[in-house]
Each structure stands twice: as C-alpha cells, then as structure tokens.
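Asker: below is the sequence, then the predicted model.
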Amino acid sequence: MNLLENEKPIGVFDSGIGGLTVVKRIASALPNENIIYFGDTARVPYGSKSNVTVIEYSLQDAQFLIDKGVKAIVVACNTVSSIALKEIRDHFNVPVIGMIEPGAKAADAATKNGRIGVIGTRATINNRAYSEAIKNLNAKFEVIEKPCPLFVPLAEEGWIDHRATYEIAEEYLKEIREQNIDTLVLGCTHYPILSNVIQKVIGSGVTLIDSGVASAEIVEDELRKINLLKTKKTTGQNEFYVSDIPSKFKEVAELFLGQKINHVHKVDLETLTKS
Ligand code: DGL
C-alpha cells in the first residue's frame, strides 16, 4: 500500500538512547504522528569519534530510516548535527532537522545576562557548533563550553539519580559554575535524561535548555509549512529499532518515555553498513 506522503512516519535517529528525549517532545507536540526511531546502540558513543566516522555512520542511519519510508528525518543527536547535517541534507531528498540552531535560539531567548554555558560531547564542543550558532545570533554573548563525555554512558545505563552521576557532574560542572552563567544548553540529547542531577549541581538559578524541546517546535513548523503534517486523526504509533541487544534500551526507554514499549527491533549492523 502506498501511503500518502503526509501520512508517512517521521524518522528520528541518535547514536543511542538520547534521541528519545526528542521523541518525547515530538510525540507531545504532534500526538497523531507516527515515529520510527533508530538508536545506533552498537556504535555509541559518536561523540568521541572522528568527523569522518560520524559522517559515515550517520549516512547509514539516515538511509535505514529512508528505507523505512519516512517523510522527514530528525537528527536527534547534537554530535551528528554539528558534523554531518550538510552531508545528510545533500544525500536525501526529505526535510532534515538538526539540533544546534533550535538549541542556540532557545538559549538566546532565555539568557538575561548574555553568559551561556554549553555542555556536550567532545566532538560537538571541539567543532564549536554551539558557540558559532550562538555568536551568530548575538556576537556579544559569552559562551563557556565544557565536554562531558561520561554523561552518555551514565544516561545509557539509566543512572538518573545515582551517586556516581552526582560526583561526575560535580567534577565536570565546577568550572562552569564559577562563570556566572544564567543559561546552560544541554548540547547532547542524552543529557536531559540526567537533567535532575545537572540542575541540582549547576544551581536552580540557571535555566537548562533542552535542544529537543526547541527542535520539536521546528519539526512542527517545517512540516506544516510544506503540508506534510499527518491529517488522519489516529493516535501516533512509535516503532523502535536499535543495532545492539535491545533489553537495556527498552528498560531505560520505558522509564524515560513513561510508557510501555511492546517491542524493540534489533537491526543487524551488516544490514546497516551495506546500504
Ligand atoms: N546523543 C548524542 C548527542 O546529542 C551523542 C552521544 C554520543 O554518542 O556520544 O550528541
């Protein structure tokens, strides 16, 4: 059966579980939309890999979603968004939405003192994606950045309130805490899973920016503009695919999304890499 273009699902991908923070936002903004999620759990983390590798993996991830017949791709990964967005857009003929611009705009709207912290993977911070996007909006803003790579495995493990997570957060955030920032961009989609810990450690006076919230709004706007929003009023269904054993993913995903997931499909890396 050929689906009308606008009835097709939205494809979302990340290196692992982090992109679910974006799925959650899209599903609440657009409850009728069907979503196909792919988490490359066999190859996570992307944030400590070279740009060449991240581009190669993300084109394969996007191809997987295209083969599933998606009408748009949401790159629910800041690392991929900061490195490979152009390549993905050049390769595929569907709207491709990334995380950096929406996150930067949300930080711009939230800050009062113009001092913005950004935490992310090593790749995102080294590529200076956020500082450039924020400075493009206002050259006077001070951007203080810090890579926090260990937050990714802690989130994958579901250690959302664990003593070790507090200790690591204390260590990572201690310099940034002294910089009088009033806004902190969670520049990695895994980090909102740990947002309680991050908020406690950075202090209640600092506004946390979840780039997933900001990008979900862009998804809605983009699809509306080009008449790609689903018109049937049936409740959206989500399908989940991962490239490694699904059990831990299912557990943390259910905890995070606050809903039961019937089935998580396992995709062979071989299928992914031959595309
Ligand atoms: N969740 C991803 C991000 O937003 C990547 C984490 C990783 O694979 O290192 O950057």
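Answerer: Ah, there it is. No experiment lies behind these values; they were computed from the predicted model shown. Numbering: from 1, shown residues only.

Asker: show me what from this protein comes close to the ligand.
Answerer: Where the chain comes near the ligand, counting by C-beta under 6 Å from any ligand atom, the residues are 14-16, 18, 44-47, 77-79, 121, 124, 152, 188-190. C-beta coordinates here come from the backbone N, C-alpha and C atoms, glycine included.

Asker: so which of those are in strands?
Answerer: Residues of the residues of the chain next to the ligand located in strands (DSSP state E): residue 14.

Asker: ChimeraX command for the buried members of the residues of the chain next to the ligand?
Answerer: Selection of buried members from the residues of the chain next to the ligand for ChimeraX, criterion 16 or more other C-beta atoms under 10 Å:
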select :14,15,16,18,44,45,46,47,77,78,79,121,124,152,188,189,190
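
Asker: out of the residues of the chain next to the ligand, which are inside helices?
Answerer: Per DSSP state H, helices hold the following members of these: 78-79, 124, 152.

Asker: same list, those residues, but as CSV with pLDDT and distance to residue 235 please.
Answerer: Below are these laid out as CSV (pLDDT from 0 to 100; distance: C-beta to C-beta, whole Å):
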residue, pLDDT, distance to residue 235
78, 96, 29
79, 96, 32
124, 95, 34
152, 93, 32
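
Asker: quick check, residue 101 in a strand?
Answerer: No. According to DSSP: H, G, I helix; E, B strand; the rest coil, residue 101 belongs to no strand; its state is helix.

Asker: what is the neighbour count of it?
Answerer: 20 (other C-beta atoms under 10 Å).

Asker: again, but for residue 178
Answerer: Neighbours around residue 178, by other C-beta under 10 Å: 9.

Asker: any idea of the pLDDT on it?
Answerer: Note on residue 178: pLDDT of 95.
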